[in-house]
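> Sequence isn't available, so here's the structure alone:
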């Protein structure tokens with residue numbers, strides 16, 4: 001009987017932990033919703049709506065309800081194609097729909113009377129997000145790939161969002177500089193920020209960034225600065241929601257190597273001021289990313305179904321960090337603290353540093 005109680009208690013604890021993990025997660029996936037109408041503006045129930053990821057060919061299908069509405073609540077960030085079919089109407093196609101991190105797009109479609117063998121194709125331009133009141137900035141894949149990153153961490157670009165000010169040490173922004181990567185304030189708020197990776201909390205000690213994926217493995221991320229919905233906002237700071245890249249039907253890969261030794265590094269300002277020479281520096285950062293469909297010869301072909309992404313990065317860094325410290329001079333070390341008295345003619349001068357005997 002005791003064993004049964006322990007077994008049931010353990011199961012309940014695991015269920016509680018699983019539920020808690022789901023509760024604290026943030027949704028990084030986007031959604032597409034909308035309404036289908038006829039040429040007169042009347043709603044069209046029972047229309048078939050299909051959304052397809054252009055890079056993976058993964059499809060999802062839904063039917064419009066009695067109000068003519070459809071909804072795809074969880075879609076990975078990427079480019080999509082939307083297809084609406086209904087007997088008695090031409091097929092309506094929307095192409096090049098760009099869905100970003102945590103974006104909620106509303107795409108209404110008006111069908112035209114005609115044969116279902118005819119197709120009306122519309123290439124979508126930038127779509128306004130009307131399904132969410134949260135404000136923020138999306139840092140896209142092209143920005144991550146083309147803008148300079150001193151240490152190869154995409155979190156550095158969070159300061160591109162309006163209202164974000166960096167408060168850390170700009171000399172140390174490597175993937176292992178956890179505290180500096182999260183050292184920014186949003187709209188002047190003194191509180192910590194909320195950092196997520198594919199919707200999961202990504203924290204180290206004291207709200208620092210827990211894990212920083214290599215820049216080549218990041219799809220994009222969104223910096224939300226105001227008006228959070230119910231799944232966010234437990235901190236008064238901002239929210240950085242990072243989405244890792246996914247494999248596609250095409251095999252992609254990249255390798256890189258960065259070297260920054262003493263010959264290509266200037267001396268620190270404080271070292272120059274104190275007359276110290278450039279310190280010896282060793283810096284090697286290298287890695288690679290490989291992604292594509294899962295394929296096991298003669299066993300499994302994952303094209304259009306299963307994908308992988310492998311990322312590796314290593315950093316070998318030996319960097320001096322000059323700092324300034326106030327230390328007692330020789331007189332104070334010998335017990336002479338007279339230098340703390342700035343005005344010997346006025347004992348009550350507020351500039352004096354008074355030392356009290358704790359035993360009196």
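Looks like it arrived, so ask away. This one's a predicted model, so the numbers in the text were calculated from it and none came from an experiment.
> I'd say residue 34 and residue 72 touch.
No. Under the criterion of CB atoms under 8 Å, residue 34 is not in contact with residue 72, lying 9.5 Å apart. Just so you know, the C-beta spots here come from the backbone N, C-alpha and C atoms, and that holds for glycine as well.
> OK, contacts around residue 251?
By CB atoms under 8 Å, 6 or more residues apart in numbering, the contact list for residue 251 reads 290, 291, 292, 293.
> Which of those residues fall in helices?
Judged by DSSP state H, helices contain none of the contacts of residue 251.
> Contact partners for the closest residue to residue 47 other than its chain neighbours?
Leaving aside its sequence neighbours, residue 47 sits nearest to residue 86 (CB to CB, 6 or more residues apart in numbering; 4.1 Å). Residue 86 makes contacts with 36, 44, 46, 47, 48, 111, 116, as judged by CB under 8 Å, 6+ apart.
> these two touch, right, the first one and residue 46?
Read that as residue 36. No. Between residue 36 and residue 46 there is no contact under CB under 8 Å: 9.5 Å.
> ok so, going back, of the contacts of residue 251, which qualify as buried by neighbour count?
Among these, those classed as buried by neighbour count (16 or more other CB atoms under 10 Å) are 291, 292, 293.
> tell me, what residue is most central in this structure?
The centre of the chain sits closest to residue 242, judged by CA atoms, centre = their mean, with a distance of 2.1 Å.
> could you pull out the strands for the stretch 1-150 of the chain?
30-37, 48-53, 59-63, 69-75, 78-85, 91-99, 104-106, 109-110, 119-123, 135-139 (DSSP state E, counting those that start in this stretch).
> now those in TSV, with distance to residue 194, mean pLDDT and mean neighbour count?
Formatted as TSV, the strands of the stretch 1-150 of the chain follow (distance: least, CB to CB, whole Å; pLDDT from 0 to 100; neighbours: other CB atoms under 10 Å):
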stretch	distance to residue 194	mean pLDDT	mean neighbour count
strand 30-37	18	94	21
strand 48-53	28	96	19
strand 59-63	29	95	14
strand 69-75	20	94	17
strand 78-85	24	94	20
strand 91-99	22	92	18
strand 104-106	19	90	19
strand 109-110	35	94	19
strand 119-123	36	86	12
strand 135-139	12	84	20
